[in-house]
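Asks: After the sequence you'll find the predicted model.
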Amino acid sequence: MSYIDQSILEDIQRRLRGNKEQRQKFILKIQKALGPLRGKEIAVWGLAFKPKTDDVRDAPAITIIENLINLGARVTAFDPVAEENVRKILPAVRFSNDALDVCRGADVLAICTEWDEFRQIDLARVKKALRRPIIIDGRNIYDPATTRKLGFKYYSIGRPS
């Protein structure tokens with residue numbers, strides 16, 4: 001293997017380790033916010049690898065949801081287009097027809113894909129729907145100061161909490 005090939009391989013391995021670590025940090029933030037996850041209701045926004053697609057190959061949401069379920073949480077999810085693909089992979093997940101409905105009675109909202117409709121939603125209505133006003137934002141779509149001013153406990157990834 002040439003030097004260039006080795007450096008490319010090392011870069012890919014570094015990125016994969018980073019992706020895995022970010023997904024684990026996401027789960028740890030949920031645990032920090034809620035404590036033990038057994039019996040907790042988790043609302044998940046976004047299942048696709050990126051917005052405007054139904055591609056769920058290596059989507060962070062899949063790994064995150066699998067881990068949440070393994071830790072005893074109940075997951076309800078919404079994605080504008082990727083639901084059918086996820087149904088095949090994660091049969092234990094419940095699905096909702098819209099972003100606000102998925103929040104009803106949830107202990108936390110976990111954002112995994114940055115769809116525009118999530119950016120534009122009325123956060124006051126989201127707060128009212130949630131059992132606890134907690135958002136774990138894996139895509140940093142909201143301003144932390146704004147969400148806190150609305151009364152949320154807001155945790156983002158890669159920014160100070």
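Replies: Sure thing, it's come through.
Asks: quick one: the helices in the protein?
Replies: With DSSP state H as the criterion, the chain has helices at 3-34, 60-70, 83-89, 116-119, 123-129, 144-149.
Asks: Could you list the residues in contact with the last one?
Replies: Residues lying outside helix 144-149 but in contact with it, judged by C-beta atoms under 8 Å, 6 or more residues apart in numbering, are Leu123, Ile135, Tyr154, Ser156, Arg159, Ser161. All C-beta atoms are positioned from the backbone trio N, CA, C, and that covers glycine.
Asks: Can you give me the buried ones in it?
Replies: Pro144, Thr147 (16 or more other C-beta atoms under 10 Å).
Asks: Off-centre distance for that helix?
Replies: With C-alpha atoms, centre = their mean, to the nearest Å as the basis, helix 144-149 stands 19 Å off its chain's centre.
Asks: what's the average pLDDT for it?
Replies: Helix 144-149 carries an average pLDDT of 96.
Asks: again, but for stretch 97-113
Replies: Here the average pLDDT along stretch 97-113 is 97.
Asks: and the end-to-end length of it?
Replies: Stretch 97-113 has its terminal residues 16 Å apart, counting by C-alpha to C-alpha, to the nearest Å.
Asks: Please name the nearest non-neighbouring residue to the spatially most central residue of the chain.
Replies: With distances taken as C-alpha atoms, centre = their mean, Cys112 lies nearest the centre of the chain, 3.0 Å away. With C-beta to C-beta, 6 or more residues apart in numbering as the criterion, Cys112 has its nearest non-adjacent residue at 3.8 Å, and that residue is Ala61.
Asks: thought that neighbour was touching Phe78?
Replies: No - in this structure, Ala61 is not within contact of Phe78 by C-beta atoms under 8 Å, at 10.8 Å.
Asks: what residues are shared contacts of those two?
Replies: Shared contacts of Ala61 and Phe78 (C-beta under 8 Å, 6+ apart): Val44, Gly46.
Asks: Name the residue in those two with the higher neighbour count.
Replies: Here Ala61 and Phe78 are compared on neighbour count by other C-beta atoms under 10 Å; more neighbours surround Ala61, at 28 against 23.
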